[in-house]
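Participant: Have a look; sequence and predicted model below, questions after that.
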Amino acid sequence: MTIALSSLASAFGTKSDLAQQLIPILYESLSKPPEYFRKWLTPFSATKGRLKTDKLARHYQIESHQPAYLIYALQTYYVAIAKALVACRIAGNTEPADCLAESYFQNYGIQNFGTTDDYPWYIAPKYYDDIIKLASKCDFDNPVPDALKTLYHDLFPNKLRHALGEYYTPDWLAHFVLDRIEFNGTQRLLDPTCGSGTFTTLAYRRLLDAKIVNPLNYVAGIDINLLAVLSAKANLLLNMPQITDDVYLPIYCADVLLNPPNLDEFDLIVGNPPWVNWETLPEDYRQQTKKLWEHYGLFPHSGFDTILGKGKKDLSLVLTYAVVDHYLKKQGKLAFIMTQSVLKTGGANEGFRQFKFEQELQPAHVDDFSKLRLFTGAETKPIVLVLSHDAPERATYTIWQTDKKTIRDDAPRTIINTLQSETFVAEPISGLGSAWLTGKPNALRAVRKIIGQSDYIAHANVYTGGANAVYWLDVLQRDGEKVYVQNVTQGAKRKVKQIDTWLEADLVYPLLRGRDVLRWQANPTCHILMVQNPTTRQGYDEDWLKAHYPLTFAYLQQFESTLKQRATYKRYFRNDVPFYTMFDIGEYTFRKYKVIWHGFGKKRMEAVVVGSINDKLIMGNQAMHPFIGLDDEDEAHYLAACLNSVPFEFAVLSHTQSGGKSFAQPGILEKLRLPKYNPLDDAHCRLSNLSREAHKGHIDDDAIARASAKIWGLSASELDELQTSLTTLLS
C-alpha cells in the first residue's frame, strides 16, 4: 500500500489506528510539558477559558485530562510523524535506522533539522518504530506543497487552532497572493509568520520550476511556534530534489515583535499574520509589547469608547508595522491576509490606517474575500492587503464572491478563475486614518454629497452594564399598578438567580431585543426595568426608590453584590451612586418617538419608527439599537425613510464592516449627513408619507430612493451609480 502525501490525515490522523493507540500512551508517558511549551503558549494562548479540549480528550478516551499535557502529547505525535517522513524521504523510502539520533539529518548534509533546538519533543523508540514503518510507505515522488497542513488540521481541531489565532492559508489563496505581488523568482521573499510554510514552500516550488540556482537563497520564514518552524522545514525538505550539498533551511524560530532575527532585507513580504485580539493576549505579553503598540499609534481610544468596542486591537496590526521596519526593502511590497475590519472599523485600526511607516508605503490593492468562507469552521472576513511604494492615489478594491460561499481548503489553484469579481476603488471617508469608502469611482464622487456632520445626534440605547439578566423581564401577569415578572436569565453572560416576583408597573417598559427590529417593523418581546433618573443620569435615589417603589427596591437589593461588580459601574461611579445605576440613559431616552436601527451584525440598514405601547415608551438594546429621540412623528418617519434609502444605505455599507459589531453605531451620524426636517419641503413630506406607508407594509423603495436623492442634491445618474454599487455590496 502506497500512501499519497496528500492523504497523511487518513493514514496518521485522529481516526487512524496509530493515533488511537499512541496518543493516550504519550499523554500518560510524557507526564508534564517542558518549560519551552509554557513559553510557546504565552503569546498566543487565550487563558480566559478559550482552550477547549474536553471533546478531544474524550475522543482518545482520556479522562480528567490537563489541556496543556494533551496538546503536548498531540504535538509530540505530530513531530514524530514529520521527522519520520523526512527521514524516509532522504533514505529513499527505506526504514531509516537511528533517525532519532541528533546526528542523523546532519549526516545527510541537512544542518538545521533534527537538532535539540528544533523540537524538544521526545518519543521512545518503541513507539517511533510503528510511525517509521507507516511513513516508509509514502509516495515521496509526488510531493505536495504543504503536506503536513492537512494532518495538523486533523489533529488540532478548528476551535483549538482559532483560539490560538491560527488560520492556516489554503494553497490556492497563497498562490493568489504570490501572483498578486508578481513573485517571479528574481526577488527575495519573507513570510514573517510562516506557520507550516505554505508561502515559503509554494514560493520554493516556483523557483524550482523556473530552474533558479540556489532557490533557498530567495525564500525565508519566521514563526514564534516551534511546531510551525518544524513543519515549515519539513515541508521544504519533502519538496526538495535530491540533496547533494549541505543544506541550511531558512526558517527561523523567533518572535518578530520582541526578538526579530537579524536578516537581510527582502523585496517581498507575504503572509497570514495571527488574528489575535489584544484583550486575549496574556498580561505579561501585553506589557512586553505595549511600547510597540504605542510607538505605532495603535492606542487611539480609551474609556467608554473601548467598552463600546471601538478599541479592538489585533496583533496583525502591530506586526505589519514591525516587519516593514525590520525587513522590507525601500522599493519592496507587502501582501498580508488580514481582516476586513482593518479598513472598515475604528479603534487601533484608525492608527493602522495612518500608514506612517519609516518608508513611503501605501495601499495599492485590496482583494476583499469577506463574502466567502475561506477558513474551515470560522466565520471571518478576510482581505488581501497589498502595500507598495508606487501605490496609486486611490487603491483598487476587488470584491470576490461565488454562489457557493464556501471554498474548500483543498480547492485547486484555478478556483480563483471561477469566482465573480467586481472592481471598485477605495479612499478614506474623511481624512487620513478614517474608515475606507469602497465603490465605483462615480459612486464615490456622488456619496461625497452625503458625507458630513448630521443635523441630528444619535445615541446608544439602554445599557445595563452587562447585567441584562437582572433588568430584562418577562411579564407573566398584570394586576392594576403591579406586574408579576420573571427575570430573563437564558443566554445571559452574567449568571444570576431567576426570581418570580411582583413589581410596580411604573418602571417596567417594553423592550426591543436584537431580533425584534426589522426594516420598517418592530415588535417588543421583552420588558426592561428602568430605574435611572434621566436628569441626573444616575439611578434614582435609594431612599426615594425604597419609599415610592418598595417592591422594585427589594428586588434589586437581591442583586446588589452582582450589580456593584459590573466593570462599568466600578470604573465610572463612586460607591455613593445607587448600585443599580444604568448607562446611556438621558432625557432623549424618554422622547415620544424613536427612530431605531440595527447597529451591528446586519448586512443592510434596518430602521423603524417606534413610540409607545399602552402609554409606555418602547426601549431599545444598547449598542445593538442606536436611535434618534424625537417628539414629532412626521419628523421621525422622514428620518426612517432617509436611513433606509439607497443613498444613505450605500454610504453606510461602503465604509463599514457589513455584519460586524461597528456596522452602524451612533457615530455614523458624525460622518453621514441627515438634513434637518423641514415640514414645508415637499421632498421631506414625501419621505415622511412613504415611511408611514412602508410601516403599513406598502413599501416603495424606488420612490424613497428618488425622494431621498433630492434631499442630498443627487442627480438621476448619480443615484443610478449608487444603486449599482449598493447592489454589489448587498449581493
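Facilitator: Sure thing, it's come through.

Participant: so Ile585, which of the three states?
Facilitator: coil (DSSP: H, G, I helix; E, B strand; the rest coil).

Participant: list the contacts for it?
Facilitator: 462-463, 530, 532, 534, 537 (C-beta atoms under 8 Å, 6 or more residues apart in numbering). All C-beta atoms are positioned from the backbone trio N, CA, C, and that covers glycine.

Participant: from those, which is closest to Asp390?
Facilitator: Nearest to Asp390 among the contacts of Ile585, counting by C-beta to C-beta, is Tyr463 at 47.1 Å.

Participant: What residues does that closest one make contact with?
Facilitator: Tyr463 touches 568, 582-585, 622-623, counting by C-beta under 8 Å, 6+ apart.

Participant: what's the spacing between it and Met582?
Facilitator: 7 Å (C-beta to C-beta, to the nearest Å).

Participant: just Cys99 next, same as before
Facilitator: 66 Å.

Participant: do the same with Asp245
Facilitator: For Asp245, the distance to Met582 (C-beta to C-beta) stands at 72 Å.

Participant: Settle it for me: which of the two has more neighbours?
Facilitator: Remark: of Asp245 and Met582, Met582 carries more neighbours, 27 against 6, as counted by other C-beta atoms under 10 Å.

Participant: Phi first, then psi, for the residue nearest to the more buried one when sequence neighbours are not counted.
Facilitator: Once flanking residues are discounted, Met582 sits nearest to Gln532: 4.5 Å by C-beta to C-beta, 6 or more residues apart in numbering. With angles defined as degrees, to the nearest 10, Gln532 sits at phi -100, psi 130.

Participant: which stretches of this protein have low pLDDT?
Facilitator: For the chain, the stretches flagged by pLDDT under 70 are 31-51, 93, 115-120, 162-167, 300-312, 376-379.

Participant: for it, which helix is longest?
Facilitator: In the chain, assigned by DSSP state H, the helix with the most residues is helix 67-90.

Participant: Look up the residues forming beta bridges with the residue nearest to Met582.
Facilitator: Beta-bridge partners recorded for Gln532 (DSSP bridges): Gly539.

Participant: tell me the contacts of it?
Facilitator: Contacts of Gln532 by C-beta under 8 Å, 6+ apart are 538-540, 581-582, 585.

Participant: Which helix or strand lies directly C-terminal to whichever strand or helix holds Gly332?
Facilitator: Gly332 is part of strand 328-339, with elements assigned from DSSP states H and E. Downstream of strand 328-339, the first helix or strand assigned by DSSP H and E is helix 341-344.

Participant: Relative to Asp368, how far out is the residue nearest to Val488 when sequence neighbours are not counted?
Facilitator: The shortest distance from Val488 to any residue other than its chain neighbours is 4.2 Å, reached at Trp472 (C-beta to C-beta, 6+ apart). For Trp472, the distance to Asp368 (C-beta to C-beta) stands at 37 Å.

Participant: ok, now Ala426?
Facilitator: Distance, Ala426 to Asp368, by C-beta to C-beta: 9 Å.

Participant: for Asp410, same thing?
Facilitator: Distance of Asp410 to Asp368, given as C-beta to C-beta: 23 Å.

Participant: and the helix or strand just after the longest helix of the chain, what other elements does it pack with?
Facilitator: Next along the chain after helix 67-90, taking DSSP H and E as the criterion, comes helix 125-135. For helix 125-135, the packing partners by 3 or more C-beta pairs under 8 Å, 6 or more residues apart in numbering; DSSP states H and E come out as helix 8-12, helix 17-30, helix 67-90.

Participant: quick one: buried residues of helix 125-135?
Facilitator: Buried residues in helix 125-135, counted by 16 or more other C-beta atoms under 10 Å: 127-128, 131-132, 134-135.
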